[in-house]
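Trainee: Provided below for reference: sequence and predicted model.
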2 protein chains.
Amino acid sequence: MIEPRTLKGFRDHLPAQALARERILDVARQVYRSYGFVPIDTPALEYLEILTGKGSEETDKQLYRFKDHGGRDVGMRFDLTVPFARFAAQHLHELGLPFKRYHMATVWRGENTQRGRYREFMQCDFDTIGTTSPAADLEMVLVVHDLLRAIGIEKFTIRVNDRRLLAGLLESLGLADRSTDVLRSLDKLGKLDAAGVVRELVAHGVAADAAEKLLAAASLAGCPASALEQIAPSVAASERGRAGLEAIRAIVAGSREAGIADGRIVVDPSIARGLDYYTGLVLETFLDELPTLGSVCSGGRYDNLAGLYTREPLPGVGASLGLDRLLAGLEELGRLSTRETPAEIFLVHFDAAHLGDYLRIASALRAAGLPVEFFPEPRKLGQQLKLAAKRGHRIAIVAGSEEFSKGTVQLKDLAAQTATSVDWHGDVAVLVDAVRSKLEVIRGGYSR
Amino acid sequence: MIEPRTLKGFRDHLPAQALARERILDVARQVYRSYGFVPIDTPALEYLEILTGKGSEETDKQLYRFKDHGGRDVGMRFDLTVPFARFAAQHLHELGLPFKRYHMATVWRGENTQRGRYREFMQCDFDTIGTTSPAADLEMVLVVHDLLRAIGIEKFTIRVNDRRLLAGLLESLGLADRSTDVLRSLDKLGKLDAAGVVRELVAHGVAADAAEKLLAAASLAGCPASALEQIAPSVAASERGRAGLEAIRAIVAGSREAGIADGRIVVDPSIARGLDYYTGLVLETFLDELPTLGSVCSGGRYDNLAGLYTREPLPGVGASLGLDRLLAGLEELGRLSTRETPAEIFLVHFDAAHLGDYLRIASALRAAGLPVEFFPEPRKLGQQLKLAAKRGHRIAIVAGSEEFSKGTVQLKDLAAQTATSVDWHGDVAVLVDAVRSKLEVIRGGYSR
């Protein structure tokens, strides 16, 4: 016997969890498509040289790499951005620019699992490349907004910033050459308190008063108009700072024109996103009910996607839904369904002699768009109903010889444990209508 | 510069191809769900011992295997059946039996690419385990039938057989101990002609008259009733043969009761499916217009899924859609859309000063369920329209200062190159209705 087990950091998705994932992925696909983003896919394995040296030392170390059957050095993708860069450079002329793609796929990182991280997870990226238009930046914010709402979340905040705003501030404080250190330290706000971040900045050699000013600016998050008003004087002397300010103003104004409710977009000068390659817009998205969960959807603008693979400059803007973190949040909020089946209807296999009748009923329900589980074998009624209730089916249809001869069935509400009798006289259309009506009543009684 | 390229045997999916794949996967998901099958997922990487020795010597050789960061021997899954066996054994008590799952995911095999095979491809499996009920076997046939029709294929044939029927025939010919050789040879029918298969059987030591009788039986494919009638006498002496005959009769009768049109199910005693583990029903599915394409959906019944991982016997029945082969077939038939976008509507970015108006129009269309691509930057009209037509958008909405001041827009049919003017007077609901009506007219004119 071989012990059935999964590798450390890897996991199976059981039906309830797999259904919840499929639902979110489906919603994301619909929203991305509604903005004209198109799907692409790339291989899980790439030449190692495509993958190494693109993320950080850490991602290089975490790479799953090996020699394939032809002796080639290969690696498993650790994100979807590097493969997209390779893809864009390779197919540029077929694609045309600007090009807007979404890509939802699995990535692998040999992370330290003690930090509660998984070594296999999904990313759900969307990017617009080949344009520096502010309309593309704004669209990112609109997609994130529509995505969260389509998933069924109403209490969320999209925090936006522009890296040039911070750069302008650094310039005016004479810290222009220290931006990487400073951004990394500011990114720790939330993990460290303000005093801790100031201490870290000072430890990096930033003057104490400059550190305090940085922290004051970074703590301005709030109502867009007032945050922008307060930060404007500090960056007025810097051309980049003014450009950043103008860009954020356009995001705020455009969001309003597109109908986003006030308060959902917050300007937060502390949002830096640790990654060095962001050069303009940066955004993070938080669930208001779970402030410590972290961002569930993040991204920003970069100057050049694929400089390592092509001389064609490919500026772009993109973001990514953190599927696993979002699911963890929804679970914590008690907003994940525990149903283990997509079929609301369970057709009891009561009497094998009536197989033909059951098939006719099941076919009619399916043709009417109603998924139905017809139990595979004629087990005891109680056993079948117990399993049906446990798995989250909503209605059981029960009929044996007696019911078929009378032209009736029993419809059982599996949660409420109540039953009603339906006279259908062998007319499946009547039965389908009765089942549909009962389902509507039951669904109305659930919070979904 | 690093050359942007994919590994041999691996490929990118560009938008038109990725859209076609997503459509088929979505249809498969809907059909599987309509029968109550539930999704699961398992890791791409497994302990090597889970994967080796499960398929054949060939799959062992083709395995992508390596040592992970913890020095563990790991492998990438080469199919979805072995991971399902491990999964079922591991989670048996949470799942309950019978258990019906679907799993659509990528698998990897280091195949010889000279045979036109890919090293990365998707499988779309569905299985019912934990029951020997004939109703579960019948359900496989019904799912395959509904799946092909839902994909939009009407001309197809599901060829069914029962391994016990062949076993019965072999028993009556005194060849019971030669079944593996014989089944492998019979499986070559189609690649070899009848005489070639007879020669191969004789070369394996089968008497010439027995080989002829086998071929005669294997060539009985056709109308179920007559094929069964003709083969019945040859297996009457064998208990297994009679059981196989009865099982196939039940499949044929049940398919008819579930409403499958005559002629779609064919009994074909030559279908053996090379794999040793099938013990009852075997099925293959062919597109009538492409007889040489091979089966696009195949499967069968097995006695025990997970004997290597658990002492609990797990008999089952399953099948798998061959996504890549089906797509190749649809392409050959000219039935794959070449559209590169899911958005039928293209909103021209004509005048950056009217960004707010464009956003309002786009939001209203999306809220009405109409995906719309708003071009990211205000390029020349001709450039935008050319790209829109090339990518397969159907309608372009064109409006600049003049149109906005008059409360009109131009709606362009991008394929027909015609335009109409719509008076909407700033009322987006009027505009949405006009766009929807125009789309309906245009869609009606396409063969889809």
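Mentor: Sure, I can see it. Numbers count the residues shown, from 1 in each chain, chains lettered A, B, ... in the order given.

Trainee: show me the contacts for the nearest residue to A:Leu431 once chain neighbours are set aside.
Mentor: Spatial nearest neighbour of A:Leu431, excluding adjacent residues (Cβ to Cβ, 6 or more residues apart in numbering or on different chains): A:Trp424 at 4.1 Å. Backbone N, C-alpha and C define where each C-beta goes, glycine included. By Cβ atoms under 8 Å, 6 or more residues apart in numbering or on different chains, the contact set of A:Trp424 is A:407-409, A:430-431, A:434.

Trainee: Got phi/psi on A:Ala319?
Mentor: phi -150, psi 170 (degrees, to the nearest 10).

Trainee: Surely it and A:Ser298 touch.
Mentor: Yes: the criterion here is Cβ atoms under 8 Å, and A:Ala319 meets it with A:Ser298 at 6.3 Å.

Trainee: Comparing the two, which shows the higher neighbour count?
Mentor: A:Ala319 (24 against 21; other Cβ atoms under 10 Å in any protein chain shown).

Trainee: related to what we said a few turns ago, sort out for me which of the contacts of A:Trp424 are in helices.
Mentor: A:430-431, A:434 (DSSP state H).

Trainee: what's the neighbour count on A:Leu186?
Mentor: Neighbours of A:Leu186 using other Cβ under 10 Å come to 21.

Trainee: residues touching it, list them.
Mentor: A:166, A:197, A:214, A:218, A:270, A:272.

Trainee: what about the closest residue to chain B within the stretch 1-150 of chain A, which SS state?
Mentor: Minimum separation of the stretch 1-150 of chain A from chain B (Cβ to the nearest Cβ) falls at A:Gly36, amounting to 2.8 Å. Using DSSP: H, G, I helix; E, B strand; the rest coil, the structure places A:Gly36 in coil.

Trainee: Assess the claim that it and B:Glu373 are in contact.
Mentor: Yes: judged on Cβ under 8 Å, A:Gly36 makes contact with B:Glu373 at a distance of 2.8 Å.

Trainee: Can you say which of the contacts of A:Leu186 are buried?
Mentor: A:166, A:197, A:214, A:218, A:270, A:272 (16 or more other Cβ atoms under 10 Å in any protein chain shown).

Trainee: Using pLDDT, spot the least trustworthy of the residues you listed.
Mentor: Ranked by pLDDT, the buried ones among the contacts of A:Leu186 bottom out at A:Ala272 (76).

Trainee: quick one: that one and chain B, what's the gap?
Mentor: To chain B, A:Ala272 is 25 Å away according to Cβ to the nearest Cβ, to the nearest Å.

Trainee: Excluding chain neighbours, what is closest to that residue?
Mentor: A:Leu183 (4.2 Å).

Trainee: Name the residues of whichever strand or helix holds the one you found that come out as buried.
Mentor: For A:Leu183, the host element (DSSP states H and E) is helix A:179-186. Buried residues in helix A:179-186, counting neighbours by 16+ other Cβ under 10 Å, are found at A:179, A:181-183, A:185-186.

Trainee: hang on, the earlier thing: hey, what's in contact with both of A:Ala319 and A:Ser298?
Mentor: A:Leu283.

Trainee: Which parts of the stretch 301-448 of chain A are strands?
Mentor: A:316-321, A:345-347, A:372-374, A:395-398, A:408-413, A:418-423 (DSSP state E, counting those that start in this stretch).
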